[in-house]
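> Return a 3D structure for these sequence lines:
(chains A and B)
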Amino acid sequence: MKLSALHQSYLNRRSNSFRSPTSVDSSVDGSGKSLIAVFWLILHCLCCLISLVLGFRFSRLVFFFLFSTSSTTNLYSSAPFRPDLPVKHLDVHTLGRRLDPGANNLTVAAATAKSSRVVVGRHGIRIRPWPHPNPVEVMKAHQIIERVQNEQKTVFGMKTSKMVIAVTPTYVRTFQALHLTGVMHSLMLVPYDLVWVVVEAGGATNETASIIAKSGLRTIHLGVDQRMPNTWEDRSKLEVFMRLQALRVVKEEKLDGIVMFADDSNMHSMEFFDEIQNVKWFGTVSVGILAHSGNAEEMVMSMDKRKEMEKEAEEDSSSLPVQGPACNSTDQLIGWHIFNTLPYAGKSAVYIDDVAAVLPQKLEWSGFVLNSRLLWEEAENKPEWVKDFGSLNENEGVESPLSLLKDPSMVEPLGSCGRQVLLWWLRVEARADSKFPPGWIIDPPLEITVAAKRTPWPDVPPEPPTKTKDQMPLSHGGKTVVVIPKQQQHSTKIRKPKRRSKRNKHEPKLTDTTQVSSSSSKRQERN
Amino acid sequence: MKLWSWVLIFIVCNLTFSTISAFRLSRSQPTERISGSAGDVLEDDPVGRLKVFVYELPSKYNKKILQKDPRCLNHMFAAEIYMQRFLLSSPVRTLNPEEADWFYVPVYTTCDLTPNGLPLPFKSPRMMRSAIQLIASNWPYWNRTEGADHFFVVPHDFGACFHYQEEKAIGRGILTLLQRATLVQTFGQRNHVCLKEGSITVPPYAPPQKMQSHLIPEKTPRSIFVYFRGLFYDVGNDPEGGYYARGARAAVWENFKDNPLFDISTEHPTTYYEDMQRAIFCLCPLGWAPWSPRLVEAVIFGCIPVIIADDIVLPFADAIPWEEIGVFVDEKDVPYLDTILTSIPPEVILRKQRLLANPSMKQAMLFPQPAQPGDAFHQVLNGLARKLPHEKSVYLRPGEKLLNWTAGPVADLKPW
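Just a heads-up that it's a prediction; the model follows:
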């Protein structure tokens, strides 16, 4: 009686709260219910006390198995304990019941006594002594992953890959190293053969050559004698000229591959290089336009204004404008999405260092890729809708690569018909009068640093807060520094972070000399 | 002399070519042919090899139950419903019971659902018993063999033991009246009461349309090493752990929860299918019962299944060599799962992926509507065809009775 109640209540606890066992299970006699409940409570308290004493959870199951003689489940009292060593247990008692199914065995097949090594019941949760990743195994796993991915690439990827010919117009300026390094590192990661054609305005200089030599890629460095002009419009015209020069070189050298235009301030994703391998003759991709203005406040304002305009127009336009192919529902090219310049009318940058939004052209060259055989004089299977490159007249105004074609509808849209944005267009340049150390190498290394007095940053205190490391004055090759005196001992000024202005390097300004300590007898040297 | 040498060369060439296993390119991935212990049988066509007679039971056994709760069409036990629909329109069906090799009884025992969608098996024994009594009294074919040439689809947790709790299921055992019939079930565990000799194990139903709509391009690189989404502790029934999954799932969690190679959690992401296609190994541990739809999902998405369930019998075990396709880990070895998986040579892993890519493998795990050649319905029929011809012992001598119609719990004997 009590036993079945124990069994019943235990199994009730175990059963799914959503399932309602109906009248199948045995019913409990109502009169003995209260007695059973009291007994159960006493047992529960006893077990709690024992657990407190012993220090681990003492399961009431042990009583069940000690006293159970239920006929529905054929229990063996010598139930095998399963000591799960050498692991920690989350629960001490691990009991198993071995069940003999022989009573139900009526099959025609060989009626050998089936004994399962898999036991029903509570098992311990095995945890190894140090359940943390093993670095050797992590390395092995990464090798396995790499091997699987290589296999995937060989099976599903391109069977034969074409060479990539990257055309980059550049010129020496402050941000050249910044932009060119970005493009260079992207190109170094491209898994295909690559030729990098760098065209430089103002002639081929050693500065640019030293930057691109670090790439280890095969490069062709061309120079164009004109200097880069100061306005964005003229600059883009010169860039077109420079790109056409590069294409002429591709034609003369008979380079065979896919020509893409990697403008030096653009950002490319690796999927871009995988996607352009699919081009047959002339392809186009979507370019994300990051048209920004140098002034953060204005940018915020323009964003708000754009939001207002969007609300008025009730358009569902994406927040990032994209320039690229437009397709109809059958994935055929029907036109191009171009950048909407209306919000920026009259507020766009004209000069290169204007603090205003820099706008892209109608169709940026970087959004187009072409098979280099289009440029050759003699190529098999060259389609008729391509103009002969050799006879291209630049004075007619080549604005976008579409001028190379007779029929712009034959362009192949890539990146699932322009839905994938694979590269981003950005134009950021420093101020026109900004100066930078040639090669970005400071030679000889400076030992003293000076906080300039007049900087564009607000609120630099007049007192120079820096300590001198040593008092040796330097005068070397026209570069001089000012020795500032040691900080006064009673000075309790907070140290400001040292700032150097590169613009002031060649014309060091004097610091305020009011800090000359009366106790100092150091020499000062000024320019 | 010259002629003899040419003949010899010809014979040698033939022999070498016939022993090389064929590589078939489909979807541009090289795959390997799959041949299990029964041989290369995945693509066999059952039409013409067997004839099945479908009993016309009153609709209270099938259609009315489905009308009461149409959710039965989508849960993982839906195989019984689709099996009947398939057989009704299949060329193996015969309307003449005299020429039938197998007899099918369409009774939906797994369609009594709770509000949450879980099937209650409490009425199933009575329903089955009532159906058998009906066919035994209206047709002579049951008594002729006492059901040995009949087959039933019992896809519930423990098959024909008709209970969701393992101890109770073992206690009940297989329904007495089904002792001689062939059972088509999802449950399979060696040396277990609820797996009869000669049963056909099938995969649980997984919706083929839903899985097809979540396919991603095959060239997406597989970057997840081990993937699993599901419960580790069944908080409602077994909060401390130790009962659920025999402690194996809890062990996986405790040992590998901070291992970056193991992407395991209890979340239900919307990108579950897509993530499986980006994983190399997918864990398929046991739960309350050893089988799970994860195996089907892993096969469809090309993720190598890591099966953690001692003594499990996987679907179509005689047609599909699961040892070569999946990785079997004993429950006691779960703490060393990372060592086991990283010590598999890469060539073996690539071979397993090629086997999984075989489209007949994927097709064999699905129950598409309408049925397609090589799918799970056809594999069931192939399995039934392989059991033909029936032995002599199947047919009873007149007057011989082997089944005890009054055995079993008293509650089961109540009419339904």
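> avg pLDDT for stretch A:369-384?
When pLDDT is averaged along stretch A:369-384, the result is 83.
> Just the residues contacting that stretch, thanks.
A:165, A:247, A:250-251, A:254-261, A:276, A:279-285, A:386, A:388-390, A:401, A:404, A:406, A:410, A:414 (CB atoms under 8 Å, 6 or more residues apart in numbering or on different chains). C-beta here means a position set from N, CA and C on the backbone, and glycine is covered the same way.
> Give me the buried subset of the residues you listed.
A:165, A:247, A:250-251, A:255, A:257-261, A:276, A:279, A:281-285, A:386, A:389, A:401, A:404, A:414 (16 or more other CB atoms under 10 Å in any protein chain shown).
> Do you have the strands of the stretch 51-200 of chain A handy? List them.
A:164-170, A:194-201 (DSSP state E, counting those that start in this stretch).
> circling back: among the contacts of stretch A:369-384, name the ones in helices.
Among the contacts of stretch A:369-384, the members found in helices (DSSP state H) are A:247, A:250-251, A:276.
> In a markdown table: the residues you listed, plus distance to residue A:121.
Below are those laid out as a markdown table (distance: CB to CB, whole Å):
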| residue | distance to residue A:121 |
| --- | --- |
| A:247 | 78 |
| A:250 | 76 |
| A:251 | 80 |
| A:276 | 62 |
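> Dump those residues to a markdown table, plus pLDDT and distance to chain B.
Shown next, in a markdown table, are the ones in helices among the contacts of stretch A:369-384 (pLDDT from 0 to 100; distance: CB to the nearest CB, whole Å):
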| residue | pLDDT | distance to chain B |
| --- | --- | --- |
| A:247 | 90 | 31 |
| A:250 | 91 | 30 |
| A:251 | 90 | 33 |
| A:276 | 89 | 15 |
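> and the residues you listed, which two are the farthest apart?
Maximum pairwise distance among the ones in helices among the contacts of stretch A:369-384 (CB to CB): 19.4 Å, between A:251 and A:276.
> Helices of chain A, start to end?
Under DSSP H, chain A gives helices at A:2-14, A:33-54, A:61-67, A:135-156, A:176-188, A:206-213, A:232-253, A:270-276, A:296-313, A:415-418.
> between those, which gets the lowest average pLDDT?
Among those, helix A:2-14 scores lowest, at a mean of 45.
> what about residue A:156, neighbour count?
15 (other CB atoms under 10 Å in any protein chain shown).
> quick one, which of the strands of the stretch 51-200 of chain A is nearest to residue B:282?
Nearest of the strands of the stretch 51-200 of chain A (CB to CB): strand A:164-170, 36.6 Å.
> neighbouring strands for the closest one, and are they parallel or not?
Under the criterion DSSP bridges, strand A:164-170 sits next to strand A:194-201 (parallel), strand A:258-261 (parallel) in its sheet.
> which residues of chain A score low on pLDDT?
A:1-33, A:57-116, A:158, A:292-319, A:345-346, A:393-397, A:455-527 (pLDDT under 70).
> what about the residue in the stretch 251-400 of chain A positioned nearest to chain B, how many neighbours?
Closest residue of the stretch 251-400 of chain A to chain B, CB to the nearest CB: residue A:274 (8.8 Å). By other CB under 10 Å, 18 other residues sit near residue A:274.
> Also the one 4 residues further on?
Number of residues near residue A:278 (other CB under 10 Å) recorded here: 13.
> Show the contacting residues for it.
A:412, A:414.
> Out of the ones in helices among the contacts of stretch A:369-384, the closest to residue A:361 would be?
Of the ones in helices among the contacts of stretch A:369-384, the one sitting nearest to residue A:361 (CB to CB) turns out to be residue A:247, at 17.5 Å.
> which residues touch whichever helix or strand residue B:81 is part of?
Here residue B:81 sits within helix B:79-88, counting by DSSP states H and E. Residues from elsewhere that reach helix B:79-88 (CB under 8 Å, 6+ apart): B:52, B:54, B:62, B:66, B:72-73, B:93, B:104, B:106, B:108-111, B:153-155, B:184, B:186, B:202, B:204-205, B:367, B:369, B:371, B:376-377, B:380.
> Report pLDDT for the nearest residue to residue B:287 once chain neighbours are set aside.
Setting aside the residues directly before and after it, residue B:287 is nearest to residue B:245 in space (CB to CB, 6 or more residues apart in numbering or on different chains), at 5.6 Å. Residue B:245 is assigned a predicted lDDT (pLDDT) of 90.
> Is there a neighbour count for residue B:245? I'd like the number.
29.
> Over to residue B:41?
Neighbour count for residue B:41, taken as other CB under 10 Å: 19.
> With residue B:88 instead?
Neighbours around residue B:88, by other CB under 10 Å: 11.
> How about the one 3 residues further on?
Using other CB under 10 Å, residue B:91 has 10 other residues around it.
> which ones are touching the residue lying closest to it once chain neighbours are set aside?
Excluding the flanking residues, the one nearest residue B:91 by CB to CB, 6+ apart is residue B:47, at 4.9 Å. Residue B:47 makes contacts with B:90-92, as judged by CB under 8 Å, 6+ apart.
> so what's the backbone phi/psi at residue B:47?
The phi and psi torsions at residue B:47 (degrees, to the nearest 10) take the values phi -60, psi 130.
> What ranges does the stretch 1-150 of chain B have for its strands?
B:23-26, B:29-32, B:52-54, B:102-104, B:150-153.
> Going through the contacts of helix B:79-88, which ones are buried?
B:52, B:54, B:62, B:66, B:72, B:104, B:106, B:108-111, B:153-155, B:184, B:186, B:202, B:204-205, B:367, B:371, B:376-377, B:380.
> what about residue A:324, distance to residue B:146?
For residue A:324, the distance to residue B:146 equals 73 Å [CB to CB, to the nearest Å].
> can you check residue A:156 too?
55 Å.
> Residue numbers of the stretch 301-416 of chain B in contact with chain A?
B:310-311, B:331-332, B:334-336, B:338-339, B:341-344, B:346, B:349-350, B:353, B:393, B:402, B:409, B:411 (CB under 8 Å from any CB of the partner chain).
> Just the buried subset of these, please.
Buried among these by 16+ other CB under 10 Å: B:310-311, B:331, B:334-335, B:338, B:341-342, B:346, B:349-350, B:353.
> Take those and keep only those in helices.
B:338, B:341-342, B:346, B:349-350, B:353.
> Among these, find me the one that's closest to residue B:224.
Nearest to residue B:224 among these, with distances taken as CB to CB, is residue B:341, at 12.4 Å.
> Contact partners for the closest one?
Applying CB under 8 Å, 6+ apart, the residues near residue B:341 are A:141, B:225-226, B:281, B:306, B:327.
> ok, now with 7 Å
B:226, B:281 (CB atoms under 7 Å, 6 or more residues apart in numbering or on different chains).
> on that earlier part again, could the strands of the stretch 1-150 of chain B go into a markdown table alongside mean pLDDT and distance to chain A?
A markdown table is the format used below for the strands of the stretch 1-150 of chain B (pLDDT from 0 to 100; distance: least, CB to the nearest CB, whole Å):
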| stretch | mean pLDDT | distance to chain A |
| --- | --- | --- |
| strand B:23-26 | 37 | 10 |
| strand B:29-32 | 73 | 5 |
| strand B:52-54 | 92 | 22 |
| strand B:102-104 | 92 | 17 |
| strand B:150-153 | 92 | 15 |
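> Can you tell me which of those is nearest to residue B:264?
Closest among the strands of the stretch 1-150 of chain B, using CB to CB: strand B:29-32, at 27.7 Å.
> And the lowest mean pLDDT element among the helices and strands of chain B?
In chain B, no helix or strand scores lower on mean pLDDT, DSSP states H and E than strand B:23-26, which sits at a mean of 37.
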